[in-house]
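Engineer: Quick one: sequence and predicted model below, then my questions.
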Amino acid sequence: MNPIHHRTTSMATHLLGVALCMLALAAPHPNAAAQAAGGSHAGHGTASPAAAAPASAEWAEAEVRRVDAANGRVTLRHGPIRNLDMPPMTMVFHVRDPGLLAALKNGDKIRFQAVAEGGKYVLTQIDKQP
Ligand SMILES: [Cu+2]
């Protein structure tokens with residue numbers, strides 16, 4: 001990150017951009033943003049778990065049909081899951097963190113994110129709806 005290499009743009013603008021990036025995650029300078037990724041900006045947005053959740057996971061909706069906390073599984077009647085290319089259906093999901101199931105009971109409406117992993121579908125995020 002030597003500003004001298006960026007003199008062709010504008011050193012003042014560059015330095016300002018870096019400062020804004022550091023302070024406010026505004027990241028107006030693409031290079032600065034790229035360099036910062038995984039560094040001090042890790043807290044921006046949802047931190048991805050170490051176990052390779054694709055960044056393309058999207059929120060989908062479901063109703064809880066059966067909670068099997070002992071085995072870390074839950075049956076959901078879910079709506080379309082775009083990142084898995086899956087139509088609405090009722091099926092069993094595994095959960096990465098069984099603690100996610102603690103607050104769930106049959107009939108709950110949730111939003112969730114799921115990924116395909118080792119031939120199973122794994123819930124990575126659960127957000128209970130009111
Ligand atoms: Cu399904």
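Structural biologist: Now that the structure is in, tell me what you want to look at. Numbers count the residues shown, from 1 in each chain.

Engineer: a strand runs through A103, doesn't it?
Structural biologist: No - the assignment for A103, made by DSSP: H, G, I helix; E, B strand; the rest coil, is coil rather than a strand.

Engineer: Report the beta-bridge partner residues of the closest residue to it other than its chain neighbours.
Structural biologist: Among residues not flanking A103 along the chain, K128 sits closest, at 6.1 Å (C-beta to C-beta, 6 or more residues apart in numbering). C-beta coordinates here come from the backbone N, C-alpha and C atoms, glycine included. On the basis of DSSP bridges, K128 is bridged to I110.

Engineer: show me what contacts K128?
Structural biologist: Neighbouring residues of K128 by C-beta atoms under 8 Å, 6 or more residues apart in numbering: A103, L104, D108, K109, I110.

Engineer: Scan these and report the most crowded one.
Structural biologist: I110 (22 neighbours; other C-beta atoms under 10 Å).

Engineer: Which of the residues in the helix or strand harbouring R66 are classified as buried?
Structural biologist: Under the criterion of DSSP states H and E, R66 resides in strand 60-68. For strand 60-68, the neighbour count (16 or more other C-beta atoms under 10 Å) marks A60, E61, A62, E63, V64, R65, V67 as buried.

Engineer: residues touching the last one, list them.
Structural biologist: When the contact criterion is C-beta under 8 Å, 6+ apart, the partners of V67 are V74, T75, L101, L104, K105, N106.

Engineer: I appreciate the help and will end here.
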